[in-house]
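A.B. asks: have a look; sequence and predicted model below, questions after that.
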Amino acid sequence: MTGDLALIMFPVLIGMIFLGFPVAFSMMLTALGFGLIRFGDILVLQFAQKVDEIATNYVLGAIPLFVFMGAVLERAGIAETLFDAIYMWTRKLPGGLAVAALIMCTIFAAASGVVGATETLVGMLAIPGMLKRKYGNSLIAGTICGGGSLGTIIPPSIPVIVLAPIAMLPVGDLLAGIMLPGLLMAGMFILYILIACTLNPKLAPAEEEPDPRSLPEKLRYTAFALLPPAFLIFTVLGTLFAGLATPTEAAACGSAGVVLLSLFYGKFSPRLIFEAALRTVALTAMILAIVLAGSMFSGVFFASGGMNATKAILDGFGLESWSVVAVILGVTFVMGFAMDLISIVLIMMTVSIPILRSYGVDPLWFSVVFLVTLQTSYLSPPMAPSIFYLRSIAPPEMKLAQMYKGVIPFICCQIVVLTLLFLFPELATWLPKVIYG
């Protein structure tokens, strides 16, 4: 197979996906068909080696552990106590319940790394309260969708665990790289809510009922609700950034910690662990099937000369490095409308990183920018995955048009962060240098 023929793999893959084939099967079948043309029967041995590589990849062992953390947090009832404690301090702020929801999303994104679970969990907690207090439906939708998207860009993040080996980066460096942009994004979301609700109080009517608890009672309740999850986050991120644990070991510590949390709050039960384990097996099987399929697809593409053909096309157009980055991010953004995050990471980054290295682009900086672009696509109409998550838990009075309207200000915040990353690349590279040297 020539390099030019290898380029046909992408149109075939996209066509199969739009015809309704699952992404993992689409990549496997495309790799199988083109691989048999190029390599013949030896392809079976090559695919067997890919299976062995994925099955024995130590870093990917963190995925089921992070999924288990999120599943236990979702089912253990820990969130209700924490949400009440946060709202106790934000209730007098403009849009205080929305601010509490965003803080909650940030904490749970830092505790689990699972995108959809954060949005669903916080949405079920916050939406009834915001509707009861007459919050605007567009503000509710934007808050829950925007907060849920933070799981992509706040560590630990499962897409990062998959992306780092492809980009040939240490997982710790990439997790540290997304920390500042993630916190900046969360801060901008909160700032927008405060400004919008101050300028238009009808978006979020002020809380009229005073909190009957005294300051000592509030402090005790906050410590009870916040310190254990904070310890969990420190167990994962603290041990990782301090160099005391690998990502997989940190995830294992987090899994043990979340079980201890369920015991601390009196929520532990064999049924809880069983349901969390079932959820973990289902999600992990899906993720690793996509990872395996992506490895097969990229292996055939590279071995068939597809990378050299792609580079030759870009050189033929005379594109500069920034133009190449813009093209890749544009394609990534569009793909986010139709595909899940892991699939996009595997398809785009496998091809992009070698090309960008040849243009002298910093892979760490680009990986962070890539993740922010994915997060923006996750939130953007008309095919925003975040809105589909929201529709599954939203009451009938919340209309689709209100959801589209609500996410627009949060998309603007994401674009601001993306612009800052282009203007100040140190936002992505400074913290890894400080931590790891």
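C.D. replies: Done, it's in. Model, not experiment: these values are computed from the prediction.
A.B. asks: what sits up against the helix or strand containing Leu227?
C.D. replies: Using DSSP states H and E, Leu227 maps to helix 215-233. Around helix 215-233, the neighbours that count as contacts under Cβ atoms under 8 Å, 6 or more residues apart in numbering are 69, 78, 81-82, 84-86, 88-89, 107, 110-111, 211, 213, 254, 257-258, 261, 264-265. The way it works is simple: take the backbone N, C-alpha and C, and place the C-beta from them, glycine included.
A.B. asks: and after the helix-or-strand element of the chain with minimal mean pLDDT, which helix or strand comes next?
C.D. replies: Ranked by mean pLDDT, DSSP states H and E, the weakest helix or strand in the chain is helix 3-6, scoring a mean of 66. For helix 3-6, the following helix or strand on the C-terminal side (DSSP H and E) is helix 9-18.
A.B. asks: quick one: list the elements packing against that following helix.
C.D. replies: helix 23-39, helix 270-303 (3 or more Cβ pairs under 8 Å, 6 or more residues apart in numbering; DSSP states H and E).
A.B. asks: picking that back up, could you list the buried residues of the helix holding Leu227?
C.D. replies: For helix 215-233, burial by neighbour count (16 or more other Cβ atoms under 10 Å) applies to Thr222, Ala225, Pro228, Pro229, Leu232, Ile233.
A.B. asks: just the buried residues of whichever helix or strand Ala256 is part of, please?
C.D. replies: In this assignment (DSSP H and E), Ala256 forms part of helix 247-264. Within helix 247-264, the residues that qualify as buried are 247-255, 257-259, 261-262, 264, counting by 16+ other Cβ under 10 Å.
A.B. asks: now do the same contact list for Leu292.
C.D. replies: Ala24, Met28, Lys50, Val51, Ile54.
A.B. asks: now do whichever strand or helix holds Ser149, average pLDDT.
C.D. replies: Taking DSSP H and E as the criterion, Ser149 maps to helix 137-149. Taken as a whole, helix 137-149 has an average pLDDT of 89.
A.B. asks: pull the CA atoms of the first helix or strand past it going along the chain into PDB?
C.D. replies: Per DSSP H and E, helix 137-149 leads on to helix 158-166 as the next helix or strand towards the C-terminus. The C-alpha coordinates for helix 158-166 follow below in PDB (Å, rounded to 0.1, in the frame of the first residue of the first chain):
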ATOM      1  CA  ILE A 158      -9.000  10.100  31.800                       C
ATOM      2  CA  PRO A 159      -8.400  11.600  28.400                       C
ATOM      3  CA  VAL A 160      -5.000  12.700  29.700                       C
ATOM      4  CA  ILE A 161      -4.200   9.100  30.700                       C
ATOM      5  CA  VAL A 162      -4.900   8.100  27.100                       C
ATOM      6  CA  LEU A 163      -3.200  11.100  25.500                       C
ATOM      7  CA  ALA A 164       0.100  11.200  27.400                       C
ATOM      8  CA  PRO A 165       1.600   7.900  25.900                       C
ATOM      9  CA  ILE A 166       0.500   9.000  22.400                       C
END
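A.B. asks: show me what counts as buried in stretch 417-429.
C.D. replies: Val417, Leu418, Leu420, Leu421, Pro425, Leu427, Ala428, Thr429.
A.B. asks: as TSV, these with distance to Thr376, secondary structure and pLDDT would be great.
C.D. replies: Shown next, in TSV, are the buried residues of stretch 417-429 (distance: Cβ to Cβ, whole Å; DSSP: H, G, I helix; E, B strand; the rest coil; pLDDT from 0 to 100):
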residue	distance to Thr376	secondary structure	pLDDT
Val417	9	helix	94
Leu418	7	helix	94
Leu420	13	helix	96
Leu421	12	helix	95
Pro425	18	coil	94
Leu427	16	helix	93
Ala428	16	helix	93
Thr429	20	helix	92
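A.B. asks: between those, which is nearest Lys134?
C.D. replies: Distance to Lys134 across the buried residues of stretch 417-429 (Cβ to Cβ) is lowest for Val417, with 30.8 Å.
A.B. asks: which residue is nearest the middle of this protein?
C.D. replies: For the chain, the residue nearest the mean C-alpha position is Thr152 (2.0 Å; Cα atoms, centre = their mean).
A.B. asks: which residues touch that residue?
C.D. replies: Contacts of Thr152 (Cβ under 8 Å, 6+ apart): Val115, Pro159, Leu341, Leu371, Leu374, Gln375, Tyr378.
A.B. asks: re the thing from before, starting at the chain centroid, how far to the helix holding Ser149?
C.D. replies: 16 Å (Cα atoms, centre = their mean, to the nearest Å).
A.B. asks: equivalent analysis for stretch 150-165, please.
C.D. replies: That offset, for stretch 150-165, works out to 6 Å (Cα atoms, centre = their mean).
A.B. asks: setting aside sequence neighbours, what's the nearest residue to Met124?
C.D. replies: Ile393 (5.5 Å; Cβ to Cβ, 6 or more residues apart in numbering).
A.B. asks: my guess is that neighbour contacts Leu125, does it?
C.D. replies: No: the pair Ile393 / Leu125 is not scored as a contact, 10.2 Å apart, by Cβ atoms under 8 Å.
A.B. asks: with neighbour numbers in mind, choose between the two.
C.D. replies: With neighbours defined as other Cβ atoms under 10 Å, Ile393 and Leu125 compare such that Leu125 has more, 19 against 15.
A.B. asks: any idea how far Gly306 is from the more buried one?
C.D. replies: 47 Å (Cβ to Cβ, to the nearest Å).
A.B. asks: same deal with Leu163?
C.D. replies: From Leu163 to Gly306 the distance is 20 Å (Cβ to Cβ).
A.B. asks: quick one: name whatever helix or strand follows the helix holding Leu227.
C.D. replies: Heading C-terminal from helix 215-233 (DSSP H and E), you reach helix 239-241.
A.B. asks: quick one: that next one to chain centroid distance?
C.D. replies: The chain centre lies 19 Å from the centre of helix 239-241; the measure is Cα atoms, centre = their mean.
A.B. asks: could you find the closest non-adjacent residue to Ala277?
C.D. replies: Phe68 (7.2 Å).
A.B. asks: that neighbour sits in which helix or strand?
C.D. replies: Phe68 is part of helix 62-75 when elements are defined by DSSP H and E.
A.B. asks: tell me which residues of that helix come out buried.
C.D. replies: So, applying 16+ other Cβ under 10 Å, buried residues of helix 62-75: 62-75.
A.B. asks: next one: stretch 14-32
C.D. replies: 14, 16-17, 21, 23-24, 26-32.
A.B. asks: mind putting these into a markdown table with pLDDT and distance to Ala186?
C.D. replies: Output for those, formatted as a markdown table (pLDDT from 0 to 100; distance: Cβ to Cβ, whole Å):
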| residue | pLDDT | distance to Ala186 |
| --- | --- | --- |
| Ile14 | 79 | 33 |
| Met16 | 84 | 37 |
| Ile17 | 74 | 32 |
| Phe21 | 81 | 36 |
| Val23 | 75 | 29 |
| Ala24 | 81 | 32 |
| Ser26 | 86 | 34 |
| Met27 | 84 | 33 |
| Met28 | 88 | 37 |
| Leu29 | 90 | 40 |
| Thr30 | 89 | 38 |
| Ala31 | 87 | 38 |
| Leu32 | 89 | 43 |
